[in-house]
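Trainee: How does the following fold in three dimensions:
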Amino acid sequence: MTGLAERSQALRQAAALPGADPRTLLDAAFAELDGAIELLTVWGADADPAAGKPDGDRAPESLTAERRLLRAVFQHAPVPLIVLELDGVVRRANAAAGELIGASSGYATGRPLTAFIDVTSRAAMQSQLAAVARTRAARQLECKMLGPGGPAAAVLTVGPVELADGQRLLVVAVTPGPVSSAPPRRRAQTAPADALHAMTRRLDTVTSVTRLLLDNSTFSEAVTLQRCARLLAGDIASWVIVDVERAGRLRRQYVIGPSGEAAEDLARLVRKTDPRPGTAPSQVHTARKPMLQAHADDSAQLDTDPDGAPLLMLLGATSLLVVPILDGTTSYGTLTLARRPTEGPFTIADLALMEEIGTHLGVAIRVDRMFRHRSVVAEALQASLLPARLPDIPGLDMSAAYLPAGEGLEVSGDFYDVFPVPSLDGSPGWGITIGDVCGKGQEAAAMTAAARHAIRVLATYSPDPADVLSKANEVMIGGGYEDRFVTAKLAYLKWEGRRLRVRMASAGHPGPALVRSDGRVEMLSGGGLPLGLFSAAELPGAVPETETFLLGTGDLLFFFSDGVTDARNADLGYFEERLADELAGLAGRSAAETARAIQGLLVSFSQDELRDDLTILVARVTDPPG
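Mentor: Numbering: from 1, shown residues only. This is a model prediction of the structure:
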C-alpha cells in the first residue's frame, strides 16, 4: 500500500508539470486502479495476496554454453534491452541501451530506469512497471528517453521474466517512438569541430566570469554572485541556484532560470526554500566536494515545496551539478546548476569548468569581505580622529562636513577639533584647529591622532596659538614619523564686547576664508612651515606665522583642507579659483547651509572624483553672549 500511495502522489505531481501527456498519465492511473481493485478483491477473499502463481511449466535450467550464448545475444542485440528488478532499478543493460543513454551499459546499473526518462513520463512509467510486476502481463508505454542529444521519443515494451530459482525480473525493449512526437534533437557533439566548439565555449565562459569579477569595483558580494548567476543561466544550464552560508546555515541567495512569468514564479518559490541537511547543496557545502549527476534519479535532492512536490521535478530538470564556492580553505556556499532534457546531461568537462568558476567566486567573496572589513575598520578609526559633535559656543553657529575620496578604505589624514582654551585675563575662550597629515593609512592615522591630541593638550596650558604649534612641532619631530608632515591651523577666539577677537597661527595650512556679512570675501594666507619637518634647533627662524582680526555679527570663518583647493573638473580647472565667488554668494547663510552648499558644489564640480579627502569647518558669528 505504501508503494501505491507514493506512485499515486507522483502521478498527481506529474499531471501538474508543463508538457505532461494526459493520455499516458490516465493509462498509468487505470493501471494503478486495476491493481487496487485486485488487491481489495484478494483481501476480501481473506487470501494471501502473494499466494497463487500462474500455472505453467518452469523453464529448464540452461547449460553453461547456452547461458553464454544468451548473454552474448543479450549484450549484442541491435535493440536496446534493459533488465530491471521489480522495483524498477536497472540490473543489466546491453550495449545498445548504453548507446541510447550516451554512457556505458554499466553506468545504468543500480539506477532507476526513470532516471533516463523525461520528467513528465516518470510517474506514469513507475506505475506501469508496478502494473507489469503485479499482473505479469506485458505493457507498452510511449515516453521520451534522455540521451546525449536530448530527449528522444521511444516506445518501451515491458514484460515479466521468471528465472528457474523463482526470481522475478522485468525486461524492457526500447524502440523508436512516433516521429511526430519527437522534439527536435540537439546533435551530439562527437565530431572534432563540435568538441572544439565546446572547448571554446567553456573558455569564453571562464573569460567572461573573470572579467566580471575584475570589473567588480564596488567590492559587493551580492552583486558578484547575482551577475555570475545571470551569466551562467541560459548558457551553461537552464537553472542556476546560489546558496551562501549565513550565521552557520546555508541560505538560498539567488535562483535564476528561463525568462517568462511562469519561470519567474517558480524561481520565487525555490528562492523561499533554504537547503536543509541531506539535500545536495548541503552535502556539497559540508563535504567541500562537488556532485555530478548526469541523470538525476532522486527528485528530492533539492528538497520539496510546501506541498511536498520535489523542486527538481518542478524545475523540469534531469541533470544536476553542484560545486562548492571555495577559496581553497573556506567554503562560502554552493553553486547549483540544473539542466532540462533538451540541453543534454552534464559531463566531466562541465564539472571541471564549474569547479574552476566556484574557486573564482570563492576568492572574489574573500576579497569582497576583506575590503568590507577594512572599510568598517577605516570608518571606525576615522570617526575616532574627529570629534563626535561640535560643542555649543555662545555667539557662534558652527558646522562641519567630511567626505573621503575614493572608497574610504584608507584612513584620511584630515582632522579638526574645537575646545576651550585659556586667555591672558582668565576669561573663557575657544580654540579651533584644522589640519592635514601627508598621506593615508595606519601610519598617517597615528600621526593625525598625535597631532590633534598634542595641539589640544598643549593649548590647555598656553594662551598663545603660535607657541602651541611650535611645541606640537617638537612632538611630531620626536615621534619618528619619517618623511611625513602635518599642516595645521590654530585659531583662538575670545569675545571683546560685541566683537569676536581671533588670533590665528599657521603651520603651512591653507586659508581660512573670511566672509563678511556684506558678502566681501578675504582669503587669508597659509604661511608657516608644516609640523614635523624641522626642529627649532635645525631651523631657528621657522616659527608659525600669526595674524589677528575682529569678527562682527554675521561674519563667517570658512576653514577647509586641501581637498577643497585641489578639486578639479573635467577641463582641469581648479575649484579654488571659484571658491571666493561661491562663498560671496552664500553670505548671510547659516553655518550648516554654507557647509552643505560648498560640499554639493565640490562634488558636482569634480563629478564625484575627489582628488583628496574633503574637510570643511564653518564658524559664523551670531549675537554676542549676555
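
Trainee: Let's verify Thr224: helix, strand, or coil?
Mentor: Secondary structure, DSSP: H, G, I helix; E, B strand; the rest coil: Thr224 is helix.

Trainee: Quick one: end-to-end distance for stretch 562-576.
Mentor: Taking C-alpha to C-alpha, to the nearest Å, the first and last residues of stretch 562-576 lie 9 Å apart.

Trainee: Oops, could you answer that again for stretch 389-396 instead?
Mentor: 15 Å.

Trainee: for the stretch 151-300 of the chain, which spans come out with low pLDDT?
Mentor: For the stretch 151-300 of the chain, residues meeting the criterion pLDDT under 70 lie at 178-220.

Trainee: swap the cut-off to 50 and go again
Mentor: Within the stretch 151-300 of the chain, the ranges that satisfy pLDDT under 50 run 179-191, 195-196.

Trainee: what about the helices in the stretch 251-400 of the chain?
Mentor: 261-271, 280-287, 311-314, 348-385 (DSSP state H, counting those that start in this stretch).

Trainee: cool, and the stretch 401-550 of the chain?
Mentor: 442-459, 465-478.

Trainee: Quick check: buried residues in the last one?
Mentor: In other words, helix 465-478. The neighbour-count check on helix 465-478 (16 or more other C-beta atoms under 10 Å) flags 465-477 as buried. C-beta here means a position set from N, CA and C on the backbone, and glycine is covered the same way.

Trainee: ditto for the longest one
Mentor: Within helix 442-459, the residues that qualify as buried are 444-452, 454-456, 458-459, counting by 16+ other C-beta under 10 Å.

Trainee: Please convert those to CSV, extending it with distance to Asp397.
Mentor: Listed next are the buried residues of helix 442-459 as CSV, based on distance: C-beta to C-beta, whole Å:
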residue, distance to Asp397
Ala444, 31
Ala445, 30
Ala446, 33
Met447, 31
Thr448, 27
Ala449, 28
Ala450, 31
Ala451, 27
Arg452, 23
Ala454, 28
Ile455, 23
Arg456, 22
Leu458, 27
Ala459, 22
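
Trainee: Closest to Arg484 out of these?
Mentor: Arg484 has its nearest neighbour among the buried residues of helix 442-459 in Met447, at 5.4 Å by C-beta to C-beta.

Trainee: I figured the closest one hits Gly413, correct?
Mentor: Yes: between Met447 and Gly413 a contact is recorded at 7.3 Å, counting by C-beta atoms under 8 Å.

Trainee: Need the residues touching each of the two.
Mentor: Common neighbours of Met447 and Gly413, counting by C-beta atoms under 8 Å, 6 or more residues apart in numbering, are 437, 486.

Trainee: ok, back up a step: kindly reformat the buried residues of helix 442-459 as TSV containing distance to Arg68 and pLDDT.
Mentor: As requested, these are exported to TSV (distance: C-beta to C-beta, whole Å; pLDDT from 0 to 100):
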residue	distance to Arg68	pLDDT
Ala444	86	75
Ala445	84	77
Ala446	87	79
Met447	90	84
Thr448	90	84
Ala449	90	85
Ala450	93	87
Ala451	95	89
Arg452	94	90
Ala454	98	93
Ile455	100	94
Arg456	100	92
Leu458	104	94
Ala459	105	93
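
Trainee: now stretch 258-271, how far from the chain's geometric center?
Mentor: How far stretch 258-271 lies from its chain's middle: 19 Å, per C-alpha atoms, centre = their mean, to the nearest Å.

Trainee: what comes up buried for that stretch?
Mentor: 258, 263, 266-267, 269-270.

Trainee: How much space separates Pro463 from Leu396?
Mentor: 19 Å (C-beta to C-beta, to the nearest Å).

Trainee: Who has more neighbours out of these two?
Mentor: Leu396 (22 against 17; other C-beta atoms under 10 Å).

Trainee: For that one, which non-adjacent residue is spatially closest?
Mentor: Ala619 (5.6 Å; C-beta to C-beta, 6 or more residues apart in numbering).

Trainee: need the contact list for that neighbour.
Mentor: 396-398, 432, 493, 556-557, 559, 591.

Trainee: From what I see, Pro510 and Asp562 are in contact.
Mentor: Yes: Pro510 lies in contact with Asp562 (C-beta under 8 Å); the separation is 6.1 Å.

Trainee: coming back round to it: nearest to Val363, of the buried residues of helix 465-478?
Mentor: For these, the nearest to Val363 is Met476 (41.1 Å; C-beta to C-beta).

Trainee: Quick check: the closest one touching Leu531?
Mentor: Yes: with contact defined as C-beta under 8 Å, Met476 counts as touching Leu531 (4.7 Å).

Trainee: So for the two, which residues contact both of them?
Mentor: Joint contacts of Met476 and Leu531 (C-beta under 8 Å, 6+ apart) are 451, 485-486.

Trainee: can you list contacts of stretch 103-112?
Mentor: 75, 82, 87-95, 97-98, 101, 116, 294-295, 297.

Trainee: And the closest residue to Ala587 other than its chain neighbours, how far from Ala309?
Mentor: Among residues not flanking Ala587 along the chain, Gly519 sits closest, at 4.0 Å (C-beta to C-beta, 6+ apart). Distance of Gly519 to Ala309, given as C-beta to C-beta: 74 Å.

Trainee: Compare neighbour counts for these two and give me the winner.
Mentor: More neighbours surround Ala309 than the other of Gly519 and Ala309, with 20 against 12 (other C-beta under 10 Å).

Trainee: Surely the more buried one touches Ala14?
Mentor: No: taking contacts as C-beta under 8 Å, Ala309 lies outside contact range of Ala14: 9.9 Å.

Trainee: what is the mean pLDDT for stretch 105-121?
Mentor: For stretch 105-121, the mean per-residue pLDDT is 84.

Trainee: Just the endpoints, please. Distance across that stretch?
Mentor: Using C-alpha to C-alpha, the two ends of stretch 105-121 sit 22 Å apart.

Trainee: ditto for stretch 231-245
Mentor: With C-alpha to C-alpha, one end of stretch 231-245 sits 22 Å from the other.

Trainee: I am finished for the moment; much appreciated.
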